[in-house]
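Participant: Quick one, structure for this:
(2 chains)
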Protein chains: 2
Amino acid sequence: MEQTNLSMRIARAPEGLPRREDFVLVEEPMPVPGEGEVLFRAIYMSLDPSMRRKLPGPEGAPVPLGGTQSVGDLMIAGVPPPARGYMGGFVGQVVESRHSGFAQGDLVQGGCWWQHYQAVPGDCLVKLPLETKASEALGLLGQHGFVAWCGMRNIGKAKPGETVVVSAAGGAIGMIAGQLAKADGARVIGIASGENSRFVVEELGFDACIDRHAEDVAQRLDRLCPDGIDVYFDNVGGDVMLAAYDRMADFGRIVVCGMASEYNAPELPFGASLRPVLRKRLRIEGFVVYDHYEDQFEQFQQELRALSASGRMKYRIEVIDGFENAPDALARLLEGRNKGKMIVQLGPDPTG
Amino acid sequence: MEQTNLSMRIARAPEGLPRREDFVLVEEPMPVPGEGEVLFRAIYMSLDPSMRRKLPGPEGAPVPLGGTQSVGDLMIAGVPPPARGYMGGFVGQVVESRHSGFAQGDLVQGGCWWQHYQAVPGDCLVKLPLETKASEALGLLGQHGFVAWCGMRNIGKAKPGETVVVSAAGGAIGMIAGQLAKADGARVIGIASGENSRFVVEELGFDACIDRHAEDVAQRLDRLCPDGIDVYFDNVGGDVMLAAYDRMADFGRIVVCGMASEYNAPELPFGASLRPVLRKRLRIEGFVVYDHYEDQFEQFQQELRALSASGRMKYRIEVIDGFENAPDALARLLEGRNKGKMIVQLGPDPTG
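Facilitator: The predicted structure is shown next:
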């Protein structure tokens, strides 16, 4: 067994989009699991737009409201223990267990630090079923799938014949949110960038998709949604959100799921009046997926497995090679230039 | 019977707050009821902040999005036929009926024009029960009570121990919304102006009330709501709304009921970021009471009658004398300087 561990620490506060130079990969001592802990080797890490919010602000200290890490700290993925494993950002394989629930070789989900090896309390890990594909555990059947499902099932509630618009439609969450609405009988319009906008129509079966780099989003929404938007599932905020907001139908629901386009900037005022909320009886509602694991995670997995088995739920994964390439990939993700759910591969995948 | 009718028409587009000179009282021919119609004499008219939105814009034409009346048109209260009577702005007494459901002397609710006599389809009138006090039919047991009830029951859903903030707390809707939340076991903080802020505490039993003219609303909210606001029932919009928005607790609900402070101005951007909607899992939801009459009006009336009978629902009415004084009263209402629910008396009240 190796005696050192590779860790990714924050070298400086990024200016704008994160870059490779904002991080430093350091060799550190191999963690030693204490009583009740499990040491695992990371196979994949989930890469998420919300990671931008973990990074320190201009003075190197955590950004107020959201940021948690300072210069010199380990970079973070998912939620630290004592959060349960499905909130963690890694899938890995157990190297050494001092917890009765785990044995060497088990496939697990959990952890939160950008490290090749992590020792975490066994109570904070989740053992994945034998048939799991490691690369799917972080997306389709994991947190991103669950985020899409919670937003659609608890807030969006698309009905047959309604018009649903999904931003970042080619992203980890948008792909699933749109297909859930299709399964419910809605007409689904995506908003994505470049090649992704073809992908969601041709491969995922969205009714249409706007290329936000090549087309005027507002004009296209006018054409595609002549009766307004019943459900807007928002992953990006900013101008795209405003264009959808101006076109909501009466009784429309805006699912505030993410604001990827705004994470890189200070909080800016919402650039529209709230009067349409009254006039059109709109609902604008935000949610955080961690609130729903206890109650709804099982129901979500059942539904997604069934949809997936029947061919009505497809998914695309972009694999990034190693921590060194993660910062640039994160920047690409924040710009919407990812190709599906991004995961970082850190070691061999025994479930291939 | 008189042969002429007094009608209030729009003389010009108001600049800022409406004034007496923006209207003209004209003698017009007495309406003659056609087959199926009922002619009634108006006793009271409801005066509402939303009337400001009916007035024409700077060019004399209806304001886009909201305004319905042009210069020269009759001024409007409530909703025109074929809306049902409880959506109308008047309580009156039948003078002549050509509809089998009504007889001379019946007390009715309905109508929508600022006129002493109106002929309307009988199917669009509601006959009020004999024991009704005419002055209550437009408020506590009418549309304003129903608005407060719909907002609290369908969106706010205050739970025991929660902190509820109500703006325009001394107004027609705020008075009832706050007392409903009290009945539900919540702590209720009002925001009102001057004497109204004492009234809602001393007479209606609110736990506290901020005088928005004499006190710093934001600072007082910080003191009165140290754990944040669970339900904000908004009747005013603008700066007061922003102060509450900044202080919402996780999972808070903002009931967008009215925006009295904004009706007098063009639509302005909401001056805050929507990121807290995500971070705090907020819900911002608007509603229009007309959507709920069919389903919930009866349930509302039962509940309000019971609360009123048990002394847990009090109500204050300010009576304005005649159409001539209505424009200035409307301006006072838009500034929050009313003393309870404003109604305009147009003739003798037989239920006095």
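Participant: Pull out the buried residues from stretch A:325-339.
Facilitator: Counting neighbours by 16 or more other C-beta atoms under 10 Å in any protein chain shown, one finds that the buried residues in stretch A:325-339 are A:Ala326, A:Pro327, A:Ala329, A:Leu330, A:Ala331, A:Arg332, A:Leu333, A:Leu334, A:Gly336, A:Asn338. Glycine gets a C-beta too; all of them are placed from N, C-alpha and C.
Participant: residues in contact with that stretch?
Facilitator: A:8, A:17-20, A:22-23, A:45, A:47-49, A:51-52, A:114, A:168, A:170-171, A:192-196, A:199, A:212, A:236, A:260-261, A:263-264, A:316, A:318, A:320, A:342, A:344 (C-beta atoms under 8 Å, 6 or more residues apart in numbering or on different chains).
Participant: on that earlier part again, sort out which one of the buried residues of stretch A:325-339 lies nearest chain B for me.
Facilitator: Proximity of the buried residues of stretch A:325-339 to chain B was ranked by C-beta to the nearest C-beta; the top entry is A:Leu334 with 15.5 Å.
Participant: Next, that closest one: phi, psi?
Facilitator: The phi/psi pair for A:Leu334 (degrees, to the nearest 10) reads phi -70, psi -20.
Participant: Buried ones in stretch A:79-86, by neighbour count?
Facilitator: Buried-residue list, stretch A:79-86, by 16+ other C-beta under 10 Å: A:Val79, A:Pro81, A:Arg84, A:Gly85, A:Tyr86.
Participant: What residues does the residue in the stretch 101-250 of chain A that chain B sits nearest to make contact with?
Facilitator: Closest to chain B within the stretch 101-250 of chain A is A:Gly237: 7.0 Å, counting by C-beta to the nearest C-beta. Neighbouring residues of A:Gly237 by C-beta under 8 Å, 6+ apart: A:Gly258, A:Met259, A:Ala260, A:Ser261, A:Glu262, B:Leu274, B:Arg275.
Participant: let's see 6 Å
Facilitator: A:Met259, A:Ser261, A:Glu262 (C-beta atoms under 6 Å, 6 or more residues apart in numbering or on different chains).
Participant: do you know how far the first one is from B:Val165?
Facilitator: This means A:Met259. For A:Met259, the distance to B:Val165 equals 26 Å [C-beta to C-beta, to the nearest Å].
Participant: Neighbour count for the two, which is higher?
Facilitator: Higher neighbour count among A:Met259 and B:Val165: B:Val165, with 31 against 25, using other C-beta atoms under 10 Å in any protein chain shown.
Participant: who touches the more buried one in this structure?
Facilitator: Contacts of B:Val165 (C-beta under 6 Å, 6+ apart): B:Ile189, B:Ile229, B:Tyr232, B:Ala244.
Participant: can you list the domains in chain A?
Facilitator: Here the domain parsing of chain A from automatic domain parsing is A:4-138+A:317-345, A:143-290.
Participant: hey, which helix or strand in chain A has the poorest pLDDT?
Facilitator: Least confident helix or strand of chain A, by mean pLDDT, DSSP states H and E, is helix A:134-137 with a mean of 87.
Participant: What lies in contact with that one?
Facilitator: A:Ile43, A:Tyr44, A:Val91, A:Gln109, A:Leu128, A:Ile317, A:Asp349, A:Thr351.
Participant: want to try a markdown table for these, with pLDDT and secondary structure as columns?
Facilitator: A markdown table is the format used below for the contacts of helix A:134-137 (pLDDT from 0 to 100; DSSP: H, G, I helix; E, B strand; the rest coil):
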| residue | pLDDT | secondary structure |
| --- | --- | --- |
| A:Ile43 | 97 | strand |
| A:Tyr44 | 96 | strand |
| A:Val91 | 95 | strand |
| A:Gln109 | 92 | strand |
| A:Leu128 | 89 | coil |
| A:Ile317 | 92 | strand |
| A:Asp349 | 94 | coil |
| A:Thr351 | 88 | coil |
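Participant: most neighbours, which of the residues you listed?
Facilitator: A:Val91 (31 neighbours).
Participant: Which strand residues bridge that one?
Facilitator: A:Tyr44, A:Gln109 (DSSP bridges).
Participant: quick one, what contacts it?
Facilitator: Applying C-beta under 6 Å, 6+ apart, the residues near A:Val91 are A:Ile43, A:Tyr44, A:Gln109, A:Ala134, A:Ala137, A:Leu138.
Participant: Next, find the distance separating it from A:Lys54.
Facilitator: A:Val91 is 20 Å from A:Lys54, by C-beta to C-beta.
Participant: A:Arg283 is in contact with B:Glu285, isn't it?
Facilitator: Yes. Using C-beta atoms under 6 Å, A:Arg283 is in contact with B:Glu285, at 4.3 Å.
Participant: Number of residues surrounding A:Thr132?
Facilitator: Around A:Thr132 there are 16 other residues, counting by other C-beta under 10 Å.
Participant: Confirm it sits in a helix?
Facilitator: No. Counting by DSSP: H, G, I helix; E, B strand; the rest coil, one finds A:Thr132 to be coil, located in no helix.
Participant: nearest to chain B, of the buried residues of stretch A:79-86?
Facilitator: Out of those, the member with the shortest distance to chain B (by C-beta to the nearest C-beta) is A:Val79, at 14.5 Å.
Participant: Contact partners for the closest one?
Facilitator: A:Val79 touches A:Met87, counting by C-beta under 6 Å, 6+ apart.
Participant: Could you pull out the helices in the stretch 101-250 of chain A for me?
Facilitator: Ranges of helices in the stretch 101-250 of chain A, per DSSP state H, counting those that start in this stretch, are A:134-137, A:143-150, A:174-183, A:195-202, A:217-224, A:238-245.
Participant: Tabulate the ones you listed (CSV), appending distance to B:Phe102 and mean neighbour count.
Facilitator: Compiled in CSV, the helices of the stretch 101-250 of chain A are given as follows (distance: least, C-beta to C-beta, whole Å; neighbours: other C-beta atoms under 10 Å in any protein chain shown):
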stretch, distance to B:Phe102, mean neighbour count
helix A:134-137, 69, 22
helix A:143-150, 53, 26
helix A:174-183, 49, 27
helix A:195-202, 59, 19
helix A:217-224, 48, 16
helix A:238-245, 46, 21
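Participant: Need these in TSV (columns: distance to B:Leu268).
Facilitator: Listed next are the helices of the stretch 101-250 of chain A as TSV, based on distance: least, C-beta to C-beta, whole Å:
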stretch	distance to B:Leu268
helix A:134-137	47
helix A:143-150	33
helix A:174-183	31
helix A:195-202	34
helix A:217-224	20
helix A:238-245	14
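Participant: ok, of these, where does mean pLDDT dip lowest?
Facilitator: Of all these, helix A:134-137 carries the lowest average pLDDT, namely a mean of 87.
Participant: Can you dump the C-alpha atoms of it in CSV for me?
Facilitator: Written as CSV, here are the backbone C-alpha positions of helix A:134-137 (Å, rounded to 0.1, in the frame of the first residue of the first chain):
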residue,chain,number,x,y,z
ALA,A,134,-19.6,3.4,-10.1
SER,A,135,-19.9,6.1,-12.7
GLU,A,136,-23.7,6.3,-12.3
ALA,A,137,-23.8,6.4,-8.6
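Participant: hang on, the earlier thing: next step: the contacts of B:Val165 restricted to strands.
Facilitator: Within these, residues falling in strands by DSSP state E are B:Ile189, B:Ile229, B:Tyr232.
Participant: And the first one, how far from B:Val201?
Facilitator: Relative to B:Val201, B:Ile189 is positioned 10 Å away (C-beta to C-beta).
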